[in-house]
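Novice: let's see this in three dimensions:
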Amino acid sequence: MRAVVVHGAGDVRVDEVPDPTPAPGEVVVAMEWGGICGSDLAYWRHGRSGTAELRSPMVLGHEAAGRVVELGDSVADLQVGDPVTFQPALLVGDGTMPDRLAGRTNLYPHVRYFGSAAFSPHTDGAFSGRRAVAAHQVRRLPDGVSTQRGALAEPLAVAMHAVGRAGDLTGRTVLVNGAGPIGALVVAAAKFAGAGTVIAADVAATSLEIAEAMGADSTVDVSSQPLPDDVELVVEASGAPAALGAVLRATAKGGTVIQVGNLPGTAVSAVLGDLVTRELTWIGSYRFAGEIDDAIAAIAAGLVVDPLMTHVFDIGEAEEALRVAADRSTGSSKVMLRLG
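Specialist: Reported below is the predicted structural model:
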């Protein structure tokens, strides 16, 4: 079968690799769709993502969906033909966490994640013809949710986790700074959670158009306009340190900033004085815990993800797909790979 394998910085190939067979408790899924994420781009461009450094070839991809084609022993709750997506995180060890972190499995210290080089050997991702997956990581897609939409359950879960960190959104005004794929999904998740008004801000007109299609009530082009003043809840989804000063200034005194945009792991220059003088609450948001199930249910209930999917490439065009996803001038948001 074919797989999208990153061999090093700037070196991605579509390799022929052996078909998997299921171990007890696993199923084999014929992959149909994958969505390119920022971490996929980081491994391809830099040979690393955050603190995880590529040391050997690795199959990319953690946003994916397909259909079950083979069952391993002891699998009883799935059937061949089931359309499925995945919880890409697998806890290593007994899963025990301190009481103060109960349920927050995204903060467990040792996690193997699809398409991650955090461990050696690396954990292959799902951009391949087939993949063997532990049955407990598999999520069946309900009627009406295609595998193409189901592939976006993982990034939607990230957005829903960020929104959930803010508490009850009913009737509240929310500013989302950064309207890339995660920011646009935060817009949709905030509206789904009952936010009264959602404002999306970005430097790219095409990203703002997508945010509007995902439910934003208004948009701000920050290449020519300032952020609005005194917004009580802001979700920072750009991950750009240079934007932090303006984001903190836009937040109302005593307000809250949810940081879901992935900030660099190295020293940066940022204007942070308003964090103190405005008595802001700055909350981090990392991946997700149980929200993968919430995301699937939300898509089934009508949360719209289609506007996010701007480009589709076949698996053999993976390198071009990565180039398009990395270049915002192409108008890309979520670039999809047709894996099957």
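
Novice: contacts for stretch 300-316, please.
Specialist: With CB atoms under 8 Å, 6 or more residues apart in numbering as the test, stretch 300-316 has contacts from 2, 4, 14, 35, 127, 129, 142-145, 148-149, 152, 156, 181, 184-185, 188-189, 192, 210, 213-215, 299, 320-321, 324-325, 330-339. C-beta: built from backbone N, CA, C; applies to glycine.

Novice: again, only this time at 6 Å
Specialist: With CB atoms under 6 Å, 6 or more residues apart in numbering as the test, stretch 300-316 has contacts from 2, 14, 142, 144-145, 149, 152, 184, 188, 192, 210, 213-214, 321, 324, 332-339.

Novice: can you give me the helices in the stretch 51-200 of the chain?
Specialist: 147-150, 153-164, 181-192 (DSSP state H, counting those that start in this stretch).

Novice: from the chain's centroid, how far away is the shortest one?
Specialist: Taking CA atoms, centre = their mean, to the nearest Å, one finds helix 147-150 lying 14 Å from the centre of the chain it belongs to.

Novice: just stretch 188-202 next, same as before
Specialist: 17 Å.

Novice: pull out the C-alpha coordinates of it and format them as PDB.
Specialist: Provided in PDB are the C-alpha atoms of stretch 188-202 (Å, rounded to 0.1, in the frame of the first residue of the first chain):
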ATOM      1  CA  ALA A 188     -18.100  27.200  14.500                       C
ATOM      2  CA  ALA A 189     -17.700  25.600  17.900                       C
ATOM      3  CA  ALA A 190     -18.400  28.900  19.700                       C
ATOM      4  CA  LYS A 191     -21.600  29.400  17.800                       C
ATOM      5  CA  PHE A 192     -22.600  25.800  18.400                       C
ATOM      6  CA  ALA A 193     -22.000  26.400  22.100                       C
ATOM      7  CA  GLY A 194     -24.500  29.300  22.100                       C
ATOM      8  CA  ALA A 195     -22.200  32.400  21.800                       C
ATOM      9  CA  GLY A 196     -24.300  35.400  21.000                       C
ATOM     10  CA  THR A 197     -21.700  37.200  18.700                       C
ATOM     11  CA  VAL A 198     -18.500  35.800  17.300                       C
ATOM     12  CA  ILE A 199     -16.000  38.100  15.700                       C
ATOM     13  CA  ALA A 200     -13.200  36.600  13.600                       C
ATOM     14  CA  ALA A 201      -9.900  38.500  13.000                       C
ATOM     15  CA  ASP A 202      -7.100  37.600  10.500                       C
END
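
Novice: how about residues contacting that stretch?
Specialist: 159-160, 163, 169-177, 179, 187, 208, 211, 214-220, 222, 227, 298, 303.

Novice: out of these, which sit inside strands?
Specialist: Using DSSP state E, 173-177, 218-220 are the members of the contacts of stretch 188-202 that sit in strands.

Novice: CSV for those residues, including distance to P264 and pLDDT?
Specialist: CSV is the format used below for the ones in strands among the contacts of stretch 188-202 (distance: CB to CB, whole Å; pLDDT from 0 to 100):
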residue, distance to P264, pLDDT
T173, 29, 98
V174, 25, 98
L175, 22, 98
V176, 20, 98
N177, 17, 98
S218, 30, 98
T219, 26, 98
V220, 24, 98
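
Novice: most neighbours, which of those residues?
Specialist: Within these, neighbour counts (other CB atoms under 10 Å) peak at V176, which reaches 34 neighbours.

Novice: still on that earlier bit, return the members of the contacts of stretch 188-202 classed as buried.
Specialist: Among these, those buried by neighbour count (16 or more other CB atoms under 10 Å) are 159-160, 163, 169, 172-177, 179, 187, 208, 211, 214-216, 219-220, 222, 227, 298, 303.

Novice: ramachandran coordinates for E232?
Specialist: Backbone torsions for E232, taken as degrees, to the nearest 10, come to phi -70, psi -30.
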